[in-house]
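Q: Based on what follows, work out the 3D shape:
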Amino acid sequence: VTTRPFAFGDLNIWRNWDGSDAANFLEDKLREKGVENVVWLFQTNDSVFTSKGKYLKAPEDFAGVKMRGLVPAFNASIEALGASPVSMSGGEVYQALATGVIDAAMTGTDAAVSRKYFEVQDHFTVVPVISVYFHGYVNPDWYAGLSDTAKAALDEAGSKAAGWAVEAAEDAAAGAPEALAAKGVNVYTLTAEENAALEAVMQPAFDKAFGEGDADSQKLLELIDALRSGS
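A: Next up is the predicted model:
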């Protein structure tokens with residue numbers, strides 16, 4: 001759900017995530033899979049659309065562009081823009097860009113530097129289109145054997161770590177566009193109006209692919225929207 005286009009653009013959503021109805025909903029789902037979640041670690045909501053020769057700024061800019069895809073629901077949002085998602089592992093993207101197998105990609109702004117995309121792409125559009133996070137989880141039997149005091153300490157530590165992760169991500173994101181521009185490429189940060197134009201096309205396509213015909217998926221989308229409205 002964190003690949004839902006623009007759903008997590010406001011960092012206040014992540015600041016309020018721990019203990020939210022949406023987080024609790026997903027933690028229940030994780031228990032059904034056999035793990036006990038103990039911490040949510042937000043990494044970034046700062047992404048770039050990478051391209052060559054022009055910025056990918058408006059919906060019409062994506063027509064006919066071959067892009068690295070993500071999960072199926074996000075790929076549906078890319079297709080709604082007129083682009084063609086191509087599935088491949090992260091390790092294949094640089095070579096695919098270099099050889100023209102794909103025309104464009106999407107990655108974290110800081111990752112565009114560390115993965116040296118600036119060597120094979122020359123335009124980078126900064127856009128809060130998806131969020132990336134990690135979560136820490138433990139064996140449920142081990143967790144069940146803890147004392148109430150230990151569980152409370154683990155919960156407190158998890159909450160503090162979640163807050164720290166958002167602060168660290170915000171600090172890192174602040175300097176990432178400048179670090180990318182220092183590599184000699186063109187960097188542009190979308191305006192609120194430009195973000196809204198992309199969201200209007202991408203999010204409905206994502207929601208249809210993600211939640212159609214599945215009550216739990218639809219419920220999760222509703223809980224995310226509730227967080228957004230209260231951010």
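Q: what residues are up against the residue nearest the centre of the chain?
A: Nearest to the mean C-alpha position of the chain, by CA atoms, centre = their mean, lies residue 131 at 2.2 Å. Residue 131 makes contacts with 2-3, 7-8, 14, 42-45, as judged by CB atoms under 8 Å, 6 or more residues apart in numbering. For every residue, glycine as well, the C-beta is placed using N, CA and C.
Q: tell me which element residue 164 is part of?
A: According to DSSP states H and E, residue 164 maps onto helix 148-181.
Q: Who is residue 51 paired with across the strands?
A: Here residue 51 sits in beta bridges with residue 123, going by DSSP bridges.
Q: contacting residues for it?
A: Counting by CB under 8 Å, 6+ apart, residue 51 makes contact with 65, 103-104, 121-125.
Q: Could you grab the helix/strand/coil label for residue 96?
A: helix (DSSP: H, G, I helix; E, B strand; the rest coil).
Q: Residue 102 is in contact with that one, correct?
A: Yes: between residue 96 and residue 102 a contact is recorded at 4.7 Å, counting by CB atoms under 8 Å.
Q: show me the contacts for residue 120.
A: 52, 94, 97-98.
Q: at 6 Å what do you get?
A: 97-98 (CB atoms under 6 Å, 6 or more residues apart in numbering).
Q: For residue 148, see how far away it is.
A: 54 Å (CB to CB, to the nearest Å).
Q: will you turn the contacts of residue 131 into CSV that also has pLDDT?
A: Below are the contacts of residue 131 laid out as CSV (pLDDT from 0 to 100):
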residue, pLDDT
2, 91
3, 93
7, 92
8, 90
14, 90
42, 93
43, 89
44, 88
45, 88
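Q: Which pair in these has the greatest spatial separation?
A: The most widely separated members of those are 7 and 43, with 15.6 Å between them, by CB to CB.
Q: These two: which is more packed in?
A: residue 7 (24 against 19; other CB atoms under 10 Å).
Q: where exactly do the strands run in the chain?
A: Using DSSP state E, the strands of the chain run over residues 36-44, 47-51, 66-68, 84-86, 105-108, 123-127, 132-138, 186-189.
Q: highest average neighbour count across those strands?
A: Each of those was given a mean neighbour count from mean count of other CB atoms under 10 Å, and the largest, a mean of 26, is that of strand 47-51.
Q: relative orientation of it and strand 123-127 in degrees?
A: Put simply, strand 47-51 runs at 160 degrees to strand 123-127, going by axes from the mean of the first three to the mean of the last three CA atoms, to 10 degrees.
Q: Check the offset of strand 47-51 from the chain's centre.
A: Relative to the chain's own centre, strand 47-51 is displaced by 13 Å; criterion: CA atoms, centre = their mean, to the nearest Å.
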